[in-house]
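Student: The following block contains a protein sequence and its predicted model.
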Amino acid sequence: MTEAPAPTGLFVRSPGNPILDPSRWPYLVNAVMNPAATIVGAETLLVCRVEDCRGISHLTVARSPDGYTNWLVADHPLLAPDEKVEGEKWGLEDPRVTRVDELDRWVIAFTTYGVGGPSLSLATTSDFQAVERLGMVMAPEDKNGALLPRRAGGDWVLFHRPVSAMNMRADIWLSRSNDLGSWTAPQHVMSAREGAWWDSARIGVGPPPIETSEGWLMVYHGVRVTVAGALYRVGLALLDLDDPSQVIRRADEWVLGPRAEYELSGDVPGVVFPCGMTHDAATDELRLYYGAADTSVGMATAPLADVLEYVMQPS
Ligand code: BMA
């Protein structure tokens, strides 16, 4: 099958995709997906969700000198579930990593999956060797957590995705904190759309939004449920810099959807699920790291200036 370009032509897949898959792991695993991304020194560092052959996930670091190739994968997890803890006995999933200069640390937001469903936990690290766990911050059912890199309006801001049993719609919300420990009640940010829209069933924040001249650039995943299963695609929005609960713009079309062979076949076909993004100031290149079909890791690039121009267009 010919690989169709993304609808907007904005994001271009890396020719080396999938850049990581289970065959490159130094130990036996079933799947590698949904990586967080950050820059550490001269290296790109991914924190990957790794699913073992029981179905339980943990988080492992992979490093590359250029962000595309020569990945060095750690031979042990950075974070693994404590299976004696009911709230995480079924694994740690879908990390997002935020570099926080004020703390001189990285904050990792991740899903803890256990009895009661998925919840959201935080941890911090200064070196991706030792990790300090801050514990569960959002009770089940909640997931898709990502922290902004600086305070906005005086507080830390954590995006997340609580689900109400009464109204199965799953939207993007945020909570604020002064200490990363106690969080305000969620405030609504953006809704799933309706009917036939590509993002009509569920939406969730992707990588930690990045600060731009126009606002916080938020990459999010949207889900449409079809008779053949769910389709996971990627969309864009811009949020107000001082009050990120205010959506300035939201692009109508998805900018990346499952089309390549490795996105269409795997454990869960039809999924692109972004959790990491880096920006190279020298080239203005955004690199989006995503899980493909819940099996491997893909990367797609776009110039930030083009992405901003696209998202700023009136719809
Ligand atoms: C979501 C999350 C992701 C996964 C996606 C597609 O609900 O659980 O980890 O990639 O479903 O299966």
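Tutor: Thanks, I have it.
Student: Check the gap between residue 199 and the ligand for me.
Tutor: Remark: distance between residue 199 and the ligand (CB to the nearest ligand atom, to the nearest Å) = 14 Å. The C-beta positions use only the backbone N, C-alpha and C, and glycine is treated the same way.
Student: Look up which helix or strand the residue nearest to that residue when sequence neighbours are not counted falls in, please.
Tutor: Computed as CB to CB, 6 or more residues apart in numbering, the closest residue to residue 199 that is not its neighbour in sequence is residue 222, at 2.5 Å. With elements taken from DSSP states H and E, the one containing residue 222 is strand 215-226.
Student: could you check the angle strand 215-226 makes with the helix or strand just after that strand?
Tutor: Tracing the chain past strand 215-226, the next element assigned as helix or strand by DSSP H and E is strand 229-239. Orientation check (axes from the mean of the first three to the mean of the last three CA atoms, to 10 degrees): strand 229-239 against strand 215-226 gives 160 degrees.
Student: by contact count, what packs against strand 229-239?
Tutor: Under the contact criterion of 3 or more CB pairs under 8 Å, 6 or more residues apart in numbering; DSSP states H and E, strand 229-239 touches strand 215-226, strand 247-250, strand 272-280, helix 304-312.
Student: Please identify the buried residues of the last one?
Tutor: Yep, that's helix 304-312 we're talking about. Along helix 304-312, these residues count as buried under the neighbour rule (16 or more other CB atoms under 10 Å): 304, 307, 308, 310, 311.
Student: quick one: contacts of it?
Tutor: Applying CB atoms under 8 Å, 6 or more residues apart in numbering, the contact partners of helix 304-312 are 8, 10, 212-214, 217, 236-238, 249, 251, 255, 279, 284-286.
Student: Okay, helices next: where are they in this structure?
Tutor: When secondary structure is read from DSSP state H, the chain shows helices at 261-264, 304-312.
Student: would you turn those helices into a markdown table with mean pLDDT?
Tutor: Written out in a markdown table, the entries for these read as follows (pLDDT from 0 to 100):
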| stretch | mean pLDDT |
| --- | --- |
| helix 261-264 | 98 |
| helix 304-312 | 97 |
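Student: Ok, which of those helices comes nearest residue 103?
Tutor: Residue 103 lies closest, by CB to CB, to one member of the helices of the chain: helix 304-312, at 25.0 Å.
Student: Dump the closest one to PDB, keeping only the CA atoms.
Tutor: Once non-C-alpha atoms are left out, helix 304-312 reads as follows in PDB (Å, rounded to 0.1, in the frame of the first residue of the first chain):
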ATOM      1  CA  LEU A 304       7.300  24.800  14.000                       C
ATOM      2  CA  ALA A 305       6.700  28.000  11.900                       C
ATOM      3  CA  ASP A 306       4.500  26.000   9.400                       C
ATOM      4  CA  VAL A 307       2.600  24.300  12.200                       C
ATOM      5  CA  LEU A 308       1.900  27.700  13.800                       C
ATOM      6  CA  GLU A 309       0.800  29.200  10.500                       C
ATOM      7  CA  TYR A 310      -1.500  26.200   9.900                       C
ATOM      8  CA  VAL A 311      -3.100  26.300  13.300                       C
ATOM      9  CA  MET A 312      -3.600  30.100  13.300                       C
END
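Student: How far off centre is that helix?
Tutor: Distance of helix 304-312 from the chain centroid (CA atoms, centre = their mean, to the nearest Å) equals 20 Å.
Student: for stretch 243-262, same thing?
Tutor: Counting by CA atoms, centre = their mean, stretch 243-262 comes out at 12 Å from the chain centroid.
Student: related to what we said a few turns ago, any chance of CSV for the buried residues of helix 304-312, columns distance to the ligand?
Tutor: Compiled in CSV, those are given as follows (distance: CB to the nearest ligand atom, whole Å):
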residue, distance to the ligand
304, 25
307, 23
308, 27
310, 25
311, 24
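Student: for those residues, which one is nearest residue 159?
Tutor: So of the buried residues of helix 304-312, ranked by how close each gets to residue 159 (CB to CB), first place is residue 311, at 17.2 Å.
Student: center of the protein, which residue is that?
Tutor: residue 275 (1.9 Å; CA atoms, centre = their mean).
Student: Burial-wise, tell me which of the helices and strands packed on strand 229-239 comes out on top.
Tutor: Here the criterion is mean neighbour count by mean count of other CB atoms under 10 Å, and of those the winner is strand 272-280, at a mean of 24.
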